[in-house]
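> Please work out how this folds:
(2 chains)
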Protein chains: 2
Amino acid sequence: MNWIETLGIIAACCTTFSFLPQAIKTIREKDTSGISATMYTIFTTGTILWLGYGILTVNFPIMFANAITSMLAATILFYKFRYR
Amino acid sequence: MNWIETLGIIAACCTTFSFLPQAIKTIREKDTSGISATMYTIFTTGTILWLGYGILTVNFPIMFANAITSMLAATILFYKFRYR
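Sure thing, here's the model as predicted:
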């Protein structure tokens, strides 16, 4: 694995796992006033479509990353509608 | 272009442009209380790394998507620190 591939993997980990601290904060504080329902509706849809794309093209990194991100984003979206 | 490629493009548009309604909401309302600074720090870093990866691998869709997302995410992060 060369350094450009390593850069891509670090980038993917950042954009995937960045939603974890947001999900933890939202679950703990139940403060969703600043969060955009439109963003999380579109974003969650997008990650589910990416997951479908990953499955159809048998691309494991895309499957793995979007399985995690879609669950985190869906959790944040659920809290947004539950505690609006 | 087959329908699987179309699915990938729709997915990419969703995850890229979903940050636009969040940025507009944050700029208008200046309410960032529910937003995680940790998330946007890691996410913005990730999209800048993805942009670098796109440039180094001459991948225009990755360049284009992450140029937009990094600007939107950086704007939200700026407001988070400015109006905490």
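
> Kindly report the residues of chain A close to chain B.
A:4, A:7-8, A:10-15, A:17-22, A:24-26, A:29, A:31-36, A:38-40, A:42-43, A:45-47, A:49-50, A:52-53, A:56-57 (CB under 8 Å from any CB of the partner chain). C-beta coordinates here come from the backbone N, C-alpha and C atoms, glycine included.

> from the residues you listed, which ones fall inside helices?
Among these, the members falling in helices (DSSP state H) are A:4, A:7-8, A:10-15, A:17, A:19-22, A:24-26, A:29, A:38-40, A:42-43, A:45-47, A:49-50, A:52-53, A:56.

> and those residues, which are buried?
A:7-8, A:11-12, A:14-15, A:17, A:19-22, A:25-26, A:39-40, A:42-43, A:45-47, A:49-50, A:52-53 (16 or more other CB atoms under 10 Å in any protein chain shown).

> mind checking pLDDT for the most centrally placed residue in chain A?
With distances taken as CA atoms, centre = their mean, the residue of chain A nearest its centroid is A:Thr69 (2.4 Å). A:Thr69 carries a pLDDT value of 97.
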